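**Q** can you look at this prediction? I've put the sequence above it.
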Amino acid sequence: MEIFAIKILDISQEKLENICLLIDKEKRNRIRQFRHKEDKIRTMIAEILLRTKIIEKFDISNNYIMFKKNIYGKPYLEGKPNFNFNISDSGDFVICVIDDKTIGVDIEKVRHIEYKEIAKSFFSVSEFDYIEKKQLNIQLDKFYEIWTLKESYIKCCGQGLSIPLDSFSIETDRYENIKAIANHEYKEHIFMRFDIEPDYKMAVCSLNKEISKNIMIIDQNSLIRDFFT
């Protein structure tokens with residue numbers, strides 16, 4: 001398993017357009033539809049990060065990289081069934097995880113929101129209680145911990161919104177062991193939380209036996225330069 005992170009920097013509109021010419025039409029059109037430049041940059045950087053790692057791993061040309069989607073809309077690399085990846089972005093970060101087994105990642109920038117209302121609507125009763133029983137000054141952080149763990153699990157399963165957020169529960173015991181439970185059965189997925197920066201929460205979910213603790217930080221300018229060479 002490999003975990004990569006990029007802290008986003010501003011890019012000129014001209015360079016943004018030039019890079020977009022090197023990715024597939026569907027993703028290029030999606031990027032152009034974003035209203036905010038930050039969203040364009042995050043999506044574009046995520047795309048070229050993934051493409052760069054595919055080129056390095058399989059020694060193929062960028063032009064031969066073909067993505068398809070499963071029936072739930074989760075993308076996969078055509079012709080490489082043992083190459084699994086997942087991407088998440090929020091705020092200043094883009095995260096990409098790669099593994100030989102199905103994988104899910106979620107990162108969220110902590111924002112002051114009405115977290116109790118969201119938790120009541122989308123979390124299980126036990127998850128809501130887990131948050132509410134904490135001291136008030138850490139409840140928001142605990143909300144985001146649960147949120148990222150749940151999102152990483154859904155993304156690992158690869159079934160999108162067909163898995164309602166309240167159809168399963170994340171349980172954390174006193175030893176900080178994390179499990180997902182659905183239909184009164186514990187799932188085989190494993191989890192790990194990361195504190196990449198104080199204002200961010202991040203979680204990885206995997207069907208592998210172990211999750212890497214190492215996050216490889218990649219410089220955005222170096223990534224762009226290498227992608228063009």
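**A** Right, received. Where do you want to start?

**Q** what about the helices in the protein?
**A** Here the chain has its helices, by DSSP state H, at 13-20, 25-33, 37-58, 115-122, 125-132, 139-157, 220-228.

**Q** helices or strands next to the first one in the packing?
**A** Read it as helix 13-20. With contacts defined as 3 or more CB pairs under 8 Å, 6 or more residues apart in numbering; DSSP states H and E, helix 13-20 has these neighbours: helix 25-33, helix 37-58, helix 220-228. No exception for glycine: its C-beta is placed from N, CA and C like everyone else's.

**Q** single out the most deeply packed of those.
**A** Of the helices and strands packed on helix 13-20, the one with the most neighbours on average (mean count of other CB atoms under 10 Å) is helix 37-58, at a mean of 19.

**Q** neighbouring contacts of that helix?
**A** Applying CB atoms under 8 Å, 6 or more residues apart in numbering, the contact partners of helix 37-58 are 2, 4, 6, 8, 10-11, 13, 16, 19-20, 22-23, 27, 30-32, 34, 60-62, 65, 77, 80, 83, 85, 87, 89, 94, 96, 98, 218, 220, 223-224, 226-227.

**Q** rerun that using 7 Å as the cut-off
**A** With CB atoms under 7 Å, 6 or more residues apart in numbering as the test, helix 37-58 has contacts from 4, 6, 8, 11, 16, 19-20, 23, 27, 30-31, 34, 62, 65, 77, 85, 87, 89, 94, 96, 98, 218, 220, 223, 226-227.

**Q** residue 105 is nearest to which of the helices of the chain?
**A** Among these, the nearest to residue 105 by CB to CB is helix 139-157 (5.6 Å).

**Q** domain assignment for the chain?
**A** Domains of the chain are assigned by automatic domain parsing as 2-96+214-228, 106-206.

**Q** mean pLDDT added to those domains, as a markdown table?
**A** Below are those laid out as a markdown table (pLDDT from 0 to 100):
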| stretch | mean pLDDT |
| --- | --- |
| domain 2-96+214-228 | 93 |
| domain 106-206 | 92 |
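
**Q** show the contacting residues for residue 19.
**A** Residue 19 makes contact with 44, 48, 224, according to CB under 7 Å, 6+ apart.

**Q** just grab the bridge partners of the most centrally placed residue in the chain for me.
**A** With distances taken as CA atoms, centre = their mean, the residue of the chain nearest its centroid is residue 88 (2.8 Å). On the basis of DSSP bridges, residue 88 is bridged to residue 95.

**Q** how far away is it from residue 201?
**A** Using CB to CB, to the nearest Å, residue 88 is found at 11 Å from residue 201.

**Q** cool, residue 96 as well?
**A** Per CB to CB, residue 96 is found 17 Å from residue 201.

**Q** please apply the same query to residue 64.
**A** 37 Å.

**Q** neighbour count winner among these two?
**A** Comparing residue 64 with residue 201 by other CB atoms under 10 Å, the one with more neighbours is residue 201, at 25 against 11.

**Q** quick check: that one touching residue 143?
**A** No. Residue 201 sits out of contact with residue 143 when judged by CB atoms under 7 Å, with a separation of 9.0 Å.

**Q** residue 192 is nearest to which of the helices of the chain?
**A** The closest of the helices of the chain to residue 192 is helix 139-157. By CB to CB, the value is 9.1 Å.

**Q** list the contacts for residue 191?
**A** For residue 191, the contact set (CB under 7 Å, 6+ apart) comprises 149, 152, 178, 203, 204, 205.

**Q** will you turn these into a markdown table that also has distance to residue 129 and neighbour count?
**A** Formatted as a markdown table, the contacts of residue 191 follow (distance: CB to CB, whole Å; neighbours: other CB atoms under 10 Å):
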| residue | distance to residue 129 | neighbour count |
| --- | --- | --- |
| 149 | 16 | 27 |
| 152 | 21 | 29 |
| 178 | 16 | 20 |
| 203 | 20 | 28 |
| 204 | 25 | 31 |
| 205 | 22 | 30 |
